[in-house]
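Chemist: Using only what follows, build the 3D model:
(one chain, ligands or ions: 2)
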Amino acid sequence: MLAELSPALIAEVKLAAQLLASKQRICILTGAGISAESGIPTFRDKQTGLWENYGVEDLATPEAFTRDPKLVWSWYQWRRQMVADKAPNPAHHALAQWQYHAQTSDQQVTLITQNVDDLHEQAGSAVTHLHGHLWRNRCGQCEIPYQDQSRASYDNQGTMSFDKTLLNCPHCDGYIRPDIVWFGEALPVQAWQTAEEAAANCEVFISIGTSSLVYPAAGLAQLAKQNCAQVIEVNPDPTPNTIVDITLAEKAGVILPLLIEEITTL
Ligand code: NAD
Ligand code: ZN
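Modeler: Ligands and ions are numbered 1, 2, ... in the order given. Predicted coordinates:
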């Protein structure tokens, strides 16, 4: 498969693999791009972008939910419908394989994601979610987790559909919302602490499929760099990020299986 890439990219993959195989502490940050090959659109995808018909302020802020809870809830139920049949792609599988392999080597591979899908978990990875979970709900008022998670039902053809009716909390009667970090909200304390520690202590930081625009997650690579880590980026459309040492300008589903095969056989 290496032969399908340009000689320059093959050289970069080999360089990255040698670097990674020689280090103990690795921190990986993934974004929407890693799930693109599973058929889940990224936010900034011009053709199929999730924001095509609405602005972010209409759908993913606490103010939007206060203003129009029905619109926000319906949109998330629609997203759940879209993500429900999606499966991990070779990039998710390769990272899970690397973490599995690392258990028997002296490497520590910490995986942090900005994604709210569960494709890393489905592939078998241990992962920290910075921006919450699409499949969990909680009360928008008292914050208590809501047990009936996704309100999915199946018709007699086996097609799944998601009820768009608003739900009320059994404790305080507030509206139920997805357990997702919206723009303007704080990140979960424990997840952010794990991410900061892994970024500050790693020897190599790998950024995969993220436009590096959404802070504070985008600051993790800088934190790693300040602490003398090397930075690798995997993105077919590399970000204008001056702190990157090695750029692997290809799809994650192409690069990661090759990279991980090289690392685990070196
Ligand atoms: P983004 O949409 O801003 O950027 C996606 C990046 O992925 C782009 O730089 C693009 O060039 C790159 N990309 C596209 N296809 C790729 C591929 N096959 N391999 C590697 N890279 C590829 O996404 P973001 O940086 O994650 O930030 C936006 C926010 O969107 C995050 O907070 C995240 O929670 C949320 N989001 C999540 C999902 C999901 O859970 N799957 C989907 C959409 C958005
Ligand atoms: Zn409540």
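Chemist: Would you agree residue 217 is in contact with residue 130?
Modeler: Yes - using C-beta atoms under 8 Å, residue 217 makes contact with residue 130 at a distance of 5.4 Å. Quick note: C-beta positions are derived from backbone N, CA and C, even for glycine.
Chemist: Give the residues shared as contacts by those two.
Modeler: Taking C-beta atoms under 8 Å, 6 or more residues apart in numbering as the contact rule, residue 217 and residue 130 both touch 112, 114, 187, 195.
Chemist: mind listing which of the residues you listed are in strands?
Modeler: Using DSSP state E, the members of those that fall in strands are residue 112.
Chemist: Tell me which two of the shared contacts of residue 217 and residue 130 sit farthest apart.
Modeler: Taking C-beta to C-beta as the measure, the shared contacts of residue 217 and residue 130 span a maximum distance of 10.9 Å, between 112 and 187.
Chemist: which of the two has more neighbours?
Modeler: Counted by other C-beta atoms under 10 Å, residue 112 and residue 187 do not tie: residue 112 has more neighbours, with 23 against 17.
Chemist: Bridged to that one, which residues?
Modeler: On the basis of DSSP bridges, residue 112 takes part in beta bridges with residue 29, residue 128.
Chemist: show me the contacts for it.
Modeler: Residues near residue 112 by C-beta under 8 Å, 6+ apart: 27-30, 127-128, 130, 191, 194-195, 198-199, 217, 220.
Chemist: my read is residue 232 is in a strand, agree?
Modeler: Yes - Residue 232 sits within a strand when classified using DSSP: H, G, I helix; E, B strand; the rest coil.
Chemist: Tell me, how many residues neighbour it?
Modeler: 25.
Chemist: let's have the chain start at 32 instead
Modeler: Will do, 32 is the new start, and the previous item becomes residue 263.
Chemist: What ranges does the stretch 182-297 of the chain have for its helices?
Modeler: 220-232, 250-257, 283-296 (DSSP state H, counting those that start in this stretch).
Chemist: what angle do the last one and strand 261-265 make?
Modeler: Between the axes of helix 283-296 and strand 261-265, defined by axes from the mean of the first three to the mean of the last three C-alpha atoms, to 10 degrees, the angle is 140 degrees.
Chemist: Which of the helices of the stretch 182-297 of the chain sits closest to ligand 2?
Modeler: Among the helices of the stretch 182-297 of the chain, helix 220-232 comes nearest to ligand 2, with 20.4 Å by C-beta to the ion.
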